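Enquirer: fold the following for me, if possible:
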Amino acid sequence: MVVLTFVVIAGIAAVGYADKSVTSFSLAPLYFLPLSLSALVHPLRISIALSIVCLALHGLLSPLQDAGLRHLTKDASTLFVYVFVVIVVNQLGTQRQRLADLAARERDELASEIQLAAEVQQSILPRSVPTVPGFDFAARMYPAKIVAGDYYGFIELSGGEIAVVIADVSGKGVAAGLLMPSIEVALCLDAPRFPSTNDLLHTFNNVVCQITGGDRFISLFYGKLCAQSRSLQYTNAGHNPPLLLRAGTDPSPLDKGGPVWMCCNLEGCWLVA
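Expert: Okay, here's the model as predicted:
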């Protein structure tokens, strides 16, 4: 604000100096420039006062002056135009500021809602990992955006089996994040009903088709760990191959599987730990 005030004063002074030097025509219209800038950055009363100052400077400095009633009429017209321009520019600046404030409030509200959606999404993810003798579980998700379509989960099944789920909804952001709860609900409801991972994802594929109408797809890895037999049955529906870590050996990618979304074409795979 201080810098802009200095620019306004310097502009008025520069026009006044030029007005004093030019004798062939009037430079009164040039005062519109600093007055317009003043109307954008100062209260209206200050800009109107500066309009009177500019008119007085023009009357004192300009060598081109009329006499009598014509002089008064011209000054009155000039002052009216100055004030009119100042008021119009001030109102435009005020309206612009109101729109900027409204946009900032809406942006902040949207950011708050997205942050709340991210917190809800995080609450869907497991807050703890299963404890199974002989196996170590660890999980962490780093979304590319505040809300994402990534998901992981653990489902406790009968007989002490543990289902491990890793999924990714196509796309990023809120649209993908809205589909993530459907993964949790559908798998938790159907997992106890289907002993075969392939049969489960075949049913899950139909659920995805109904929810998305075919507009989106979900890549998903579903594995069922039996701690008693130390075996893992899994089906990979187009997801990046998870790594199987065994003590003393290099990580092994679980790369058997099929395309995304078309789970009905997949074949279940077995591993013995």
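
Enquirer: Ile124 against Ser182, yeah?
Expert: No. With contact defined as C-beta atoms under 8 Å, Ile124 does not count as touching Ser182 (10.6 Å). Where C-beta positions appear, they are placed from N, C-alpha and C, glycine not excepted.

Enquirer: same drill for those two, tell me which one is more crowded.
Expert: Using other C-beta atoms under 10 Å, the more surrounded residue of Ile124 and Ser182 is Ser182, with 18 against 15.

Enquirer: how far away is the more buried one from Leu189?
Expert: 11 Å (C-beta to C-beta, to the nearest Å).

Enquirer: for Leu225, same thing?
Expert: With distances taken as C-beta to C-beta, Leu225 is found 20 Å from Leu189.

Enquirer: those two: which is more packed in?
Expert: More crowded of Leu225 and Leu189, by other C-beta under 10 Å: Leu225, with 23 against 11.

Enquirer: wait, is that one part of a helix?
Expert: No. Counting by DSSP: H, G, I helix; E, B strand; the rest coil, Leu225 is not part of a helix but strand.

Enquirer: where in the stretch 101-250 of the chain is pLDDT low?
Expert: Along the stretch 101-250 of the chain, segments meeting pLDDT under 70 span 171-177, 213-215.

Enquirer: what are the ranges of the strands in it?
Expert: Under the criterion DSSP state E, counting those that start in this stretch, strands of the stretch 101-250 of the chain are mapped to 150-156, 162-169, 218-226, 231-237, 243-244.

Enquirer: will you turn those into a markdown table that also has distance to Ala138?
Expert: Listed next are the strands of the stretch 101-250 of the chain as a markdown table, based on distance: least, C-beta to C-beta, whole Å:
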| stretch | distance to Ala138 |
| --- | --- |
| strand 150-156 | 11 |
| strand 162-169 | 12 |
| strand 218-226 | 14 |
| strand 231-237 | 16 |
| strand 243-244 | 12 |
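
Enquirer: burial of the closest residue in space to Leu27 that isn't next to it in sequence, as a residue count?
Expert: If the residues on either side of it in the chain are set aside, Leu27 comes closest to Asp19, at 4.4 Å by C-beta to C-beta, 6 or more residues apart in numbering. For Asp19, the neighbour count with other C-beta under 10 Å is 22.

Enquirer: sweet, I'm off.
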